[in-house]
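S.K.: Pasting the sequence and the predicted coordinates here, then a few questions.
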Amino acid sequence: MSDNIRIDVTTDDFDLGEETRRLTDGDTAVGAVCSFVGLVRDFSDKPDVKGLYLEHYPAMTEKSLTKIAKEAFQRWDLNGVRVIHRVGELWAGDQIVLVVTASAHRGDAFAACEFIMDYLKVQAPFWKKELTAEGEHWVEAKESDQVRAGEWSSEPE
């Protein structure tokens, strides 16, 4: 397994291009990079979402994200993984999460990126509060996220 795993939980915004360059810099064995950027939407189960407030348990969150990235390295042939998850107050249109995977081949990069994002949604300890015109409310975990993560329970072919 590579040591090329970088995890950050931060209030700061990120730049996809810069993070991709940092992940692949000097690694000429990389033939594929896959990325996912999640944005804060202005809707959910409630109308008129203005933003989100995300809380986390710092020591546990980084450990959980690192464990997910290491599992991706065990499942696929990866050269690197970069995960950034923002916390604090975020507004509609803001970037909230970044997952970048690098590999020699696109199949590994795509699968690992999707796996990390699916597991992050259900295993990383984040608590989300929606900020709406009608007030604030905590967001419940979605069953559909649990189902998606459960689809990864078997080893890849």
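M.R.: Yes, it's here. Treat the numbers as computed from the prediction; the structure is a model and nothing was measured.

S.K.: Tell me where this structure has strands.
M.R.: Per DSSP state E, the chain carries strands over the ranges 5-10, 32-39, 49-56, 78-86, 88-91, 95-103, 126-132, 135-138.

S.K.: between those strands, which gets nearest to Lys63?
M.R.: Of all the strands of the chain, it is strand 5-10 that lies closest to Lys63, at 9.1 Å by CB to CB. The C-beta positions use only the backbone N, C-alpha and C, and glycine is treated the same way.

S.K.: So for the closest one, what gets flagged as buried?
M.R.: Ile5, Arg6, Ile7, Val9 (16 or more other CB atoms under 10 Å).

S.K.: Against Ile96, how distant is the third one?
M.R.: When you say that, I think you mean Ile7. Look at Ile7 and Ile96: by CB to CB, to the nearest Å, they are 15 Å apart.

S.K.: same deal with the second one?
M.R.: Distance from Arg6 to Ile96, counting by CB to CB: 18 Å.

S.K.: Same question for the first one.
M.R.: The spacing between Ile5 and Ile96, counted by CB to CB, is 20 Å.

S.K.: picking that back up, and the buried residues of strand 5-10, which is closest to Trp152?
M.R.: Set against Trp152, the nearest of these by CB to CB is Ile5 (18.2 Å).

S.K.: The closest one contacts Lys70, correct?
M.R.: Yes: counting by CB atoms under 8 Å, Lys70 is a contact partner of Ile5 at 6.8 Å.

S.K.: which residues touch Glu62?
M.R.: Ile7, Val9 (CB atoms under 8 Å, 6 or more residues apart in numbering).

S.K.: how close does Lys67 sit to Gln74?
M.R.: Counting by CB to CB, the gap from Lys67 to Gln74 is 11 Å.

S.K.: Looking at the two now, which is surrounded by more residues?
M.R.: For the pair Lys67 and Gln74, the greater number of neighbours falls to Lys67 (14 against 9), based on other CB atoms under 10 Å.

S.K.: tell me the contacts of the more buried one?
M.R.: So Lys67 contacts Gln123 (CB under 8 Å, 6+ apart).

S.K.: and if you look at the one 5 residues further on?
M.R.: Shown here is Ala72, whose contacts under the criterion CB under 8 Å, 6+ apart are Leu78, Val81, Thr101, Ala112, Phe115, Ile116.
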